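1. Compute the structure for the input listed below.
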Amino acid sequence: MENLLKVNKGYVLLVFLFLTFQLSFAEKNKLFVYKYEGSPKIEVNDSVKIVKKGSLLDKNTKLIMHREDVIYMVNDNGDVFKLFQTGTFNHKELLALEPITTNSSFAKTYFSYVWKEFTNTDVLRRDKSGVVYRGDDIILMRYPADSIKIYNNEIRFEWDRIPNKEKDYYFVIRNKETKAITTIGTPVNTISLMIDGTLLKQGNNYEWAITETKYPNMNKTPFYSFHILSNDEFKNVKKDLSLLSADLKNMGFTSLEVQTAICQDFKLCF
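-> You can find the predicted model right below:
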């Protein structure tokens, strides 16, 4: 009986290790669409869908490419693959592509981060009106997004409108270093603040929220956080950003699109 239990435990362990390996292998072999031109399509179980940024390409999909189509894909290692040939390609054929050469190791860090964002399952839910929910809380904030870094002279805060709302919104900003809280009432869904060393200072961390009441319960109010880079902090990443910008421009991005992509995908806005 004792030997039988040892055999059973060993079998269970082998099955567990096999399943873990299978899941890890499947995860590492996922490809996600980062950028595309034209109108490539994905075939999934005899259903054809239009390619979008973030579309998953795995063993269950086939990529359909037309004459004018170009597509860039990323994997978990931060490798970027470019395909511009016409035809239908299965997952194995896509994995056989050679990654394109990037200018710096920072590019791999960037694209690895993008891949993690694509695989993140902890996504905020939206109702039919487009308002975002996290649990029971309504999240109105749009920009700056949660947990980003900013290097600029001015920050424009934007949030979703509440349909048929007539009263003011209340913009609440909290300095995480000093704990100071400022509340501003406004009838519109945007406000711009200068980084002037008074309310907003370089090198400091902040939280902000939009509420419908002048005196909200701060413990129950959902906040978004952001960090304002100092001149020295930005100087430390400026060279890497220049090299990454060159990589993105080689993919067909304009200068404005480069800034937008890095802000949205890497959460570093400048």
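2. Can you give me the pLDDT of N45?
-> You'll see N45 listed with a pLDDT of 88.
3. Isn't it up against N60?
-> Yes: using Cβ atoms under 8 Å, N45 is in contact with N60, at 6.9 Å. C-beta coordinates here come from the backbone N, C-alpha and C atoms, glycine included.
4. These two - which one has more neighbours?
-> Shown here are N45 and N60; by other Cβ atoms under 10 Å, N60 has more neighbours (12 against 6).
5. measure that one to H91 for me?
-> From N60 across to H91, the span is 8 Å (Cβ to Cβ, to the nearest Å).
6. With T186 instead?
-> In this view, T186 and H91 are 50 Å apart by Cβ to Cβ.
7. For these two, work out which one has more neighbours and name it.
-> Counting neighbours by other Cβ under 10 Å for T186 and for H91 shows that H91 has the greater number, 17 against 13.
8. Can you get me a residue count around the closest residue to that one other than its chain neighbours?
-> The shortest distance from H91 to any non-neighbouring residue, by Cβ to Cβ, 6 or more residues apart in numbering, is to K59 (4.6 Å). Other residues near K59 come to 11 when the count uses other Cβ under 10 Å.
9. Next up, phi/psi of the closest residue to V237 other than its chain neighbours, please.
-> Excluding the flanking residues, the one nearest V237 by Cβ to Cβ, 6+ apart is L268, at 7.4 Å. Phi and psi for L268, reported as degrees, to the nearest 10, are phi -130, psi 110.
10. what about L268, how many neighbours?
-> L268 has 21 neighbouring residues, counting by other Cβ under 10 Å.
11. list the contacts for it?
-> Applying Cβ atoms under 8 Å, 6 or more residues apart in numbering to L268 gives the contacts 148-149, 151, 237, 241, 262.
12. Let's see which of the residues you listed end up in helices.
-> Of the contacts of L268, the ones assigned to helices by DSSP state H are 237, 241, 262.
13. of all the residues you listed, which comes closest to I50?
-> The nearest member of these to I50, counting by Cβ to Cβ, is I262 at 25.5 Å.
14. what number of residues lie near the closest one?
-> 19.
15. Check the one 4 residues further on too.
-> Each residue near F266 was counted by other Cβ under 10 Å, and the total is 19.
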